[in-house]
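Asks: please find the sequence and the predicted model below.
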Amino acid sequence: MDRRRSPRVSVQLPVEVWGLDASSQAFMQSAMITNMSSGGIVVQGLRRRMRPGEVLDVRMGCETAHFRVIWIGEQGELGMEAMTSQTFVPPSVLVYCSQAAGAC
């Protein structure tokens, strides 16, 4: 049984990510959101060493949101938790998309 609090949707959305890496060096880099929900995102393509707990800014188009790194996968994949209610796409759209795709 899935214990997620909100539906997740697979996507391919280009974003800009910036903040401080594990060496406290400022960076700004292009990346790709590959999965999202109203509570967080999965970002791929970051070539910086990160630590769980780091807070990063993510910009998609003209919108920016703050996220905390929760887990670090392989090859630059980060699981990130939204720190504000703004996550680029309204929760109702994510629910509709996940239902339409047959996701649980």
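Replies: Cool, the structure landed.
Asks: distance check, the closest residue to Arg8 other than its chain neighbours against Glu81.
Replies: Leaving aside its sequence neighbours, Arg8 sits nearest to Ser37 (C-beta to C-beta, 6 or more residues apart in numbering; 4.5 Å). Any C-beta I mention is one placed from the backbone N, CA and C, and that applies to glycine too. Using C-beta to C-beta, to the nearest Å, one obtains 10 Å as the distance from Ser37 to Glu81.
Asks: neighbour-wise, which of those two wins?
Replies: Ser37 (21 against 15; other C-beta atoms under 10 Å).
Asks: phi first, then psi, for that one.
Replies: Main-chain dihedrals, Ser37, degrees, to the nearest 10: phi -140, psi -180.
Asks: tell me the pLDDT at it?
Replies: The model reports Ser37 with a pLDDT of 83.
Asks: that one reaches Ser10, doesn't it?
Replies: No. Taking C-beta atoms under 8 Å as the definition, Ser37 is not a contact partner of Ser10, at 10.8 Å.
Asks: quick one: low-confidence parts of the protein?
Replies: Applying pLDDT under 70 to the chain flags the ranges 1-6, 86-104.
Asks: center of it, which residue is that?
Replies: Centroid check for the chain by C-alpha atoms, centre = their mean gives Ile41 as the closest residue, at 2.5 Å.
Asks: given the host helix or strand of that one, what are its sheet partners and their directions?
Replies: Applying DSSP states H and E as the criterion places Ile41 in strand 40-44. Using DSSP bridges, the strands paired with strand 40-44 are strand 26-36 (antiparallel), strand 78-82 (antiparallel).
Asks: in the first one, what's buried?
Replies: When you say that, I think you mean strand 26-36. Across strand 26-36, burial judged by 16 or more other C-beta atoms under 10 Å covers 31-33, 35-36.
Asks: what residues are up against the nearest residue to Trp18 once chain neighbours are set aside?
Replies: Distance criterion C-beta to C-beta, 6+ apart; nearest residue to Trp18, sequence neighbours excluded, is Met28 at 3.9 Å. Contacts for Met28 (C-beta atoms under 8 Å, 6 or more residues apart in numbering) come out as 16-18.
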